[in-house]
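Asker: sequence and predicted model, in that order:
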Amino acid sequence: MSVETWTERTSAGAPAPRAQTRVAKLRPKLGLADTLLQLWRAKWLMLLVFVPIVLVGVAITLLAPTKFSAHTRLLVRLGQEYVFDPIIGDAAKGAFPQQEEVLQAETELARSPVIAERVIAGIGLSRLYPKFADAKLRARNEAIYEVDQEALEAFADDLDVSSAPKSSILRMTFAHEDPALAAATLNRFVTEYLKYRQEVLSGQGVAGLTEQRDVIEGRLAASDKSVRDFLAKNDLSDFDAETSAAKKLFSDISDELAKVEASLREAEAKSAGLARQISSTPKEVDLYVETTSEQDLVKLRLEREGLLARYLPDSRVVQDADRKIAQLEAFLKSAPTQGLRRIGPNPTWQALEADRAVQIANISALTGRSAALAAQKQEAEAQIAHLSALEPDYQRMMRDRDALATSAGTFATREQTERARSELASRSVDNISVYEAARPPTRGDNTKRIIAIAAAIFGLLTALAVGLLRAWSVSSFPTAGSVERTLNLRVLAATRDRSQ
């Protein structure tokens with residue numbers, strides 16, 4: 001309806017035409033009632049917008065295939081593969097990530113296209129996506145890769161891998177038109193996922209360690225050859241043993257030479273002392289032999305007294321004894337008072353001369369031995385000096401060789417450890433457990449319902465937006481209240497437009 005507006009009359013009694021013209025140019029201010037009224041007037045326009053959108057949503061729901069989503073859940077625990085174990089050294093050894101980081105890593109690993117390729121190859125592209133299989137058969141060589149990539153993208157759209165915060169459960173979902181095939185595909189996906197994660201987390205480490213070990217062992221063989229060539233060039237068999245032997249020989253010769261020098265000084269001192277004693281000792285001395293005539297005389301007198309006890313004094317036996325006594329007494333009267341004298345060599349001088357001769361022989365022997373030991377000592381010193389000059393190069397080569405041997409041993413130990421870990425992991429996966437295997441679903445997904453509801457909501461919002469635009473774009477005053485809000489004047493009366 002149209003509204004004819006009247007303002008309060010002034011004292012003159014008639015409204016000003018200029019004021020009415022100004023009112024016609026003003027934009028009306030609408031209230032809630034005015035807006036609802038305008039929406040009601042534009043209901044057919046809103047209906048024309050709402051119905052096509054809803055029909056398009058319904059058509060989409062009717063044309064879209066129904067997919068069945070199979071679900072599975074895996075229990076993920078912290079495994080040995082996530083514990084940091086450095087190859088060289090012990091820095092940060094034993095460090096491990098948080099549970100949420102482990103689940104995030106497992107989620108990203110499960111989304112790898114490699115697993116999808118293996119699952120598609122195992123199940124068969126013709127079973128999972130027949131249209132892609134037909135397109136692949138018709139495609140040329142350069143277009144086959146594009147078809148495979150489209151199949152992988154479709155598989156990624158049908159697959160969903162997620163985990164809840166602060167949870168150890170990894171959820172996997174796969175949607176397909178065939179419920180049994182959806183469950184089979186998801187179970188196959190879990191199997192391939194467990195195999196692939198072991199290859200990624202363990203398998204490549206063994207190959208890398210083996211390759212690096214071969215490189216280090218090759219360097220070790222070259223280092224061993226350099227050491228052997230160095231020893232052969234310098235006419236050595238064992239550098240350390242010969243160095244130790246040369247030093248020990250030098251030490252033994254030095255000790256022996258010191259002992260010989262001391263013995264030589266001792267022999268020379270003894271020889272000098274003996275020479276001094278010999279010079280003061282005479283070569284010949286007088287030899288005295290004491291006589292025993294007086295003792296024989298006493299003895300004969302005692303025998304005569306014994307004979308008188310048995311014989312008479314004029315007996316022949318007693319007379320013979322008297323004759324012997326008389327002869328001995330006459331000899332004693334004629335003999336010199338000092339006895340018999342004899343001159344001969346001095347035994348002391350002879351003993352001193354013999355000792356001096358022995359010491360002179362010892363001095364000669366010790367002098368010769370000292371000279372021989374001194375020559376041997378010089379040879380040992382020359383050998384030690386020669387080995388000392390070669391020692392820096394030898395030690396450098398041995399340090400390189402020992403470092404390479406240590407590295408080779410470390411890599412060999414780590415390689416066997418990783419190999420054992422990989423073999424053990426290939427038999428069982430202790431930290432990943434299938435909490436709930438996938439089973440064929442009985443109900444399809446609610447994608448169609450969601451599409452329909454979304455289409456209805458979108459159509460309703462679009463229709464409402466069109467109606468509001470229509471209501472806010474009018475230039476007339478729908479009600480008397482809009483006139484009062486726009487002109488800030490009180491409306492005295494309102495009549496219906498009869499021409500409409």
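Answerer: Sure, I can see it.

Asker: point out where the stretch 151-300 of the chain drops to low pLDDT.
Answerer: By pLDDT under 70, the weakly predicted segments of the stretch 151-300 of the chain are 201-208, 286-293.

Asker: could you pull out the strands in it for me?
Answerer: 159-163, 169-176, 284-289 (DSSP state E, counting those that start in this stretch).

Asker: would you list those in JSON lines and tack on mean neighbour count and distance to Tyr193?
Answerer: Heads up, the C-betas are built off the backbone N, CA and C, glycines and all. Output for those, formatted as JSON lines (neighbours: other C-beta atoms under 10 Å; distance: least, C-beta to C-beta, whole Å):
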{"stretch": "strand 159-163", "mean neighbour count": "17", "distance to Tyr193": "9"}
{"stretch": "strand 169-176", "mean neighbour count": "21", "distance to Tyr193": "8"}
{"stretch": "strand 284-289", "mean neighbour count": "10", "distance to Tyr193": "123"}
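
Asker: can I get those in JSON lines with distance to Val200?
Answerer: Below are those laid out as JSON lines (distance: least, C-beta to C-beta, whole Å):
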{"stretch": "strand 159-163", "distance to Val200": "16"}
{"stretch": "strand 169-176", "distance to Val200": "16"}
{"stretch": "strand 284-289", "distance to Val200": "115"}
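
Asker: nearest to Val466, out of the ones you listed?
Answerer: Set against Val466 and scored by C-beta to C-beta, the strands of the stretch 151-300 of the chain come closest in strand 169-176, at 36.1 Å.

Asker: relative orientation of the closest one and strand 159-163 in degrees?
Answerer: Computed by axes from the mean of the first three to the mean of the last three C-alpha atoms, to 10 degrees, the angle separating strand 169-176 from strand 159-163 equals 160 degrees.

Asker: who does strand 169-176 pair up with?
Answerer: Here strand 169-176 has these sheet partners by DSSP bridges: strand 68-76 (antiparallel), strand 159-163 (antiparallel).

Asker: can you name the residues in contact with it?
Answerer: Defining contact as C-beta atoms under 8 Å, 6 or more residues apart in numbering, one finds that strand 169-176 is touched by 67-76, 103, 106-107, 110, 128, 158-164, 182, 185-186, 189-190, 435, 438, 445.

Asker: just the buried residues from those, in PyMOL please.
Answerer: To isolate the buried members of those in PyMOL, using 16 or more other C-beta atoms under 10 Å:
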select buried, resi 67+68+69+70+71+72+73+74+76+103+106+107+110+128+158+159+161+163+182+185+186+189+190+438
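
Asker: domain assignment for the protein?
Answerer: Domains of the chain are assigned by automatic domain parsing as 17-63+447-487, 68-218+409-436, 240-397.

Asker: what about the nearest residue to Val466 once chain neighbours are set aside, how many residues nearby?
Answerer: Distances taken as C-beta to C-beta, 6 or more residues apart in numbering place Val49 nearest to Val466, at 5.0 Å, with adjacent residues excluded. Around Val49 there are 17 other residues, counting by other C-beta atoms under 10 Å.

Asker: who's in contact with Val49?
Answerer: The contact partners of Val49, by C-beta under 8 Å, 6+ apart, come to 459, 462-463, 466.

Asker: buried subset of the residues you listed?
Answerer: Among the contacts of Val49, those classed as buried by 16+ other C-beta under 10 Å are 459, 463, 466.

Asker: burial of Ala116, as a residue count?
Answerer: Per other C-beta under 10 Å, the neighbour tally for Ala116 reads 21.

Asker: ok, it touching Ala154?
Answerer: No - Ala116 is beyond contact range of Ala154, at 9.7 Å (criterion: C-beta atoms under 8 Å).

Asker: circling back: turn the buried ones among the contacts of Val49 into JSON lines, columns for secondary structure, pLDDT and distance to Glu150.
Answerer: Output for the buried ones among the contacts of Val49, formatted as JSON lines (DSSP: H, G, I helix; E, B strand; the rest coil; pLDDT from 0 to 100; distance: C-beta to C-beta, whole Å):
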{"residue": "Gly459", "secondary structure": "helix", "pLDDT": "78", "distance to Glu150": "32"}
{"residue": "Ala463", "secondary structure": "helix", "pLDDT": "79", "distance to Glu150": "38"}
{"residue": "Val466", "secondary structure": "helix", "pLDDT": "78", "distance to Glu150": "39"}
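
Asker: dump these into a markdown table; add distance to Ile325 as well.
Answerer: Shown next, in a markdown table, are these (distance: C-beta to C-beta, whole Å):
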| residue | distance to Ile325 |
| --- | --- |
| Gly459 | 187 |
| Ala463 | 191 |
| Val466 | 193 |
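
Asker: and the residues you listed, which is closest to Ala385?
Answerer: Using C-beta to C-beta, Gly459 is the member of those that lies nearest Ala385, at 104.6 Å.

Asker: grab the nearest non-local neighbour of that closest one.
Answerer: Counting by C-beta to C-beta, 6+ apart, Gly459 lies nearest to Ile53, which is 3.3 Å off, once chain neighbours are set aside.

Asker: now swap in Ala164 and tell me
Answerer: Spatial nearest neighbour of Ala164, chain neighbours left out: Arg171 (7.7 Å); criterion: C-beta to C-beta, 6+ apart.

Asker: distance of that neighbour from Val318?
Answerer: Distance, Arg171 to Val318, by C-beta to C-beta, to the nearest Å: 159 Å.

Asker: roughly how far does the residue nearest to Val466 sit from Pro179?
Answerer: Going from Val49 to Pro179 by C-beta to C-beta gives 39 Å.

Asker: hang on, the earlier thing: distance check, the residue nearest to Ala164 against Leu461.
Answerer: 33 Å.

Asker: again, but for Lys377
Answerer: Lys377 is 111 Å from Leu461, by C-beta to C-beta.

Asker: so which strand or helix has Gly57?
Answerer: Element membership for Gly57 (DSSP states H and E) is helix 43-63.

Asker: got TSV for the domains of the chain, with distance to Asn234 too?
Answerer: Shown next, in TSV, are the domains of the chain (distance: least, C-beta to C-beta, whole Å):
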stretch	distance to Asn234
domain 17-63+447-487	85
domain 68-218+409-436	25
domain 240-397	6
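
Asker: nearest to Leu231, of those?
Answerer: Leu231 sits nearest to domain 240-397 of all those, at 8.3 Å, using C-beta to C-beta.
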